[in-house]
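> Sequence and predicted model, in that order:
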Amino acid sequence: MEIQRVVRDLVTTKRHVLLGSKSLRLVEDNKGDLSVALDPVGCKPGDFVITIGISAARLAAGDPKTTTDLTIGGIIDEWSEADWRA
Amino acid sequence: MEIQRVVRDLVTTKRHVLLGSKSLRLVEDNKGDLSVALDPVGCKPGDFVITIGISAARLAAGDPKTTTDLTIGGIIDEWSEADWRA
Amino acid sequence: MEIQRVVRDLVTTKRHVLLGSKSLRLVEDNKGDLSVALDPVGCKPGDFVITIGISAARLAAGDPKTTTDLTIGGIIDEWSEADWRA
Amino acid sequence: MEIQRVVRDLVTTKRHVLLGSKSLRLVEDNKGDLSVALDPVGCKPGDFVITIGISAARLAAGDPKTTTDLTIGGIIDEWSEADWRA
Amino acid sequence: MEIQRVVRDLVTTKRHVLLGSKSLRLVEDNKGDLSVALDPVGCKPGDFVITIGISAARLAAGDPKTTTDLTIGGIIDEWSEADWRA
């Protein structure tokens, strides 16, 4: 799993049906590279989260038919930008 | 999932049968690196899209026997080159 | 598999249910890049470990429904920073 | 999928049985990095091809028990070095 | 698949049970980056090998329950450092 920070929501009106109506979040890693993650946890911008990839991402979505390769798995209790870049 | 931009169609007459006759698009990331994605959504050049990898790519193709490792999952509503590179 | 070093525990109170109550460890590679791994072995900070990714990470968690993409698979008997960076 | 160029055949007499007797090709990407791909299509050196990774590589081999993580999925109709590096 | 060179054995007394008692080898790529691969073939240090990743790594281990994400699939017949870096 990787540590990423939620940047903001991402809206895609025209979307594959198996992504459902679940929330997509724009997330960034410690180099500022952007990815898109499914959010079954309920995060807000600025949260540092654990993201889950590979086939586990589908399981973490709650329904393994969900077509995600990156899903937020938890919010880290204590983390700051300093921890990230140290 | 990653954010990529559709460059153009990619034609492969001699192709594996399980890719079917679905459309393949040449896509690029924010560094200009090229990949090839299956397009079940119907995109046009210049669209910013969400691409789905890993085993979820096969599910997103509509038929999990489809031999794709990258499938377009949706068109992003509001995105410009500035968002991408910021 | 990759060789990584355990940095410390990582606490996530708000967490996906399928990660269970298993221990998560912050691990680093030889470039200092951080990841998060599930630990079914029982490691302590400073241990050099083998981490298992891809679908094998779920099997290595003991229960393939566990939503992990990186799991510690063993502690290396003889390894030092010198081996790592050589 | 990625766009790669076939360099030449690769011979491995001592080989895992589940790779069968299928042809292996040395392929390179646009940076000259080398990989090895299974070739069920029948390519010749210099062909620009689409390579399929992840679990789809096994399906593209014709038999999902084939132990490949990279399989050639098609030959691109019109592609030159200029397209690749542009 | 990737081309890697066997560096030496890697001993892990405290190890996940599903890795069994199979041999683990330290392998390096052409940049000197190290990984750990399961070896069902029987390699010796200095051999240039093909390594298989993703879910195919588990199949190549002989038992798909084996918790490996990288397995040696064959020894390359003719390969030298010059081929690798060219």
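All right, it came through fine. Remember, it's a predicted structure, so these values are computed and weren't measured experimentally. Residues are numbered from 1 along each chain as shown, chains lettered A, B, ... in the order given.

> Can you give me the buried ones in the helix or strand where residue A:82 lies?
For residue A:82, the host element (DSSP states H and E) is helix A:81-85. For helix A:81-85, the neighbour count (16 or more other CB atoms under 10 Å in any protein chain shown) marks residue A:83 as buried. C-beta: built from backbone N, CA, C; applies to glycine.

> Identify the residues contacting it?
Around helix A:81-85, the neighbours that count as contacts under CB atoms under 8 Å, 6 or more residues apart in numbering or on different chains are A:3, A:5, A:30, A:48, C:34.

> Residue A:20 against residue A:66, yeah?
Yes. At 6.5 Å, residue A:20 counts as touching residue A:66 under the criterion of CB atoms under 8 Å.

> Those two - which one has more neighbours?
residue A:66 (22 against 16; other CB atoms under 10 Å in any protein chain shown).

> Make sure the more buried one is actually in contact with residue A:21.
No. Assessed by CB under 8 Å, residue A:66 is found out of contact with residue A:21, at 11.2 Å.

> List the beta-bridge partners for residue A:71.
Using DSSP bridges, the beta-bridge partners of residue A:71 come out as residue A:38, residue A:52.

> What separation is there between the residue nearest to residue A:65 when sequence neighbours are not counted and chain D?
Nearest residue to residue A:65, sequence neighbours excluded (CB to CB, 6 or more residues apart in numbering or on different chains): residue A:18, at 5.9 Å. Taking CB to the nearest CB, to the nearest Å as the measure, residue A:18 falls 17 Å from chain D.

> so residue A:18, which of the three states?
For residue A:18, the assignment made with DSSP: H, G, I helix; E, B strand; the rest coil gives helix.

> OK, contacts around it?
Residue A:18 touches A:65, A:66, A:67, B:59, B:60, counting by CB under 8 Å, 6+ apart.

> let's go with 10 Å and repeat that
A:58, A:61, A:63, A:65-68, B:52, B:56, B:59-60, B:62, B:73 (CB atoms under 10 Å, 6 or more residues apart in numbering or on different chains).

> How about residue A:25?
Neighbours of residue A:25 in contact, by CB under 10 Å, 6+ apart: A:4-10, A:35-39, A:41, A:43-45, A:47, A:49, A:51, A:70, A:72.

> out of those residues, which are buried?
Applying 16+ other CB under 10 Å to the contacts of residue A:25 flags A:4-7, A:10, A:35-39, A:41, A:43, A:47, A:49, A:51, A:70, A:72 as buried.

> Now do the helices in chain A.
A:56-60, A:81-85 (DSSP state H).

> ranking those helices by mean pLDDT, which is last?
Mean pLDDT values for the helices of chain A show the minimum at helix A:81-85, a mean of 82.
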